[in-house]
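K.L.:
after the sequence you'll find the predicted model.
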Amino acid sequence: MPRHHVDGLFRAESGQVRIGDTVAVFAQGPIGLCATARARLMGATTVIGVESVPERMAIARRMGADHIVEFTKGDAVGEVLAV
């Protein structure tokens, strides 16, 4: 398995995601997408992807993100906290 896939899986596990958690994953590149998918698989009930590239935003939704925050449009942290 490529290193970035392993790293993304590790990130979700090292964050100790539990069933019912809300998780925000900043940047939906290869590592972020793996972390998004893994957070969903580990039981997070709300997964928020933070990204600005439309193609990555679409993939993040397919990988398990419930909400997408486009960080170039304003206060990304405030938007994540509002979800």
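P.N.:
Okay, I see it.
K.L.:
host element of Ala37?
P.N.:
Element membership for Ala37 (DSSP states H and E) is helix 30-41.
K.L.:
lowest-pLDDT helix or strand in the chain?
P.N.:
When each helix and strand of the chain is scored by mean pLDDT, DSSP states H and E, helix 3-14 comes last, with a mean of 48.
K.L.:
Thr46 pairs with what?
P.N.:
Under DSSP bridges, the beta-bridge partners of Thr46 are Thr22.
K.L.:
burial count for it?
P.N.:
When neighbours are defined as other C-beta atoms under 10 Å, Thr46 has 15 of them. The way it works is simple: take the backbone N, C-alpha and C, and place the C-beta from them, glycine included.
K.L.:
for it, give me its contacts.
P.N.:
Asp21, Thr22, Val23, Asp66, His67, Val83 (C-beta atoms under 8 Å, 6 or more residues apart in numbering).
K.L.:
cool, Val50 as well?
P.N.:
Ala24, Val25, Phe26, Ala27, Gln28, Ile68, Val69, Phe71, Ala76, Val80.
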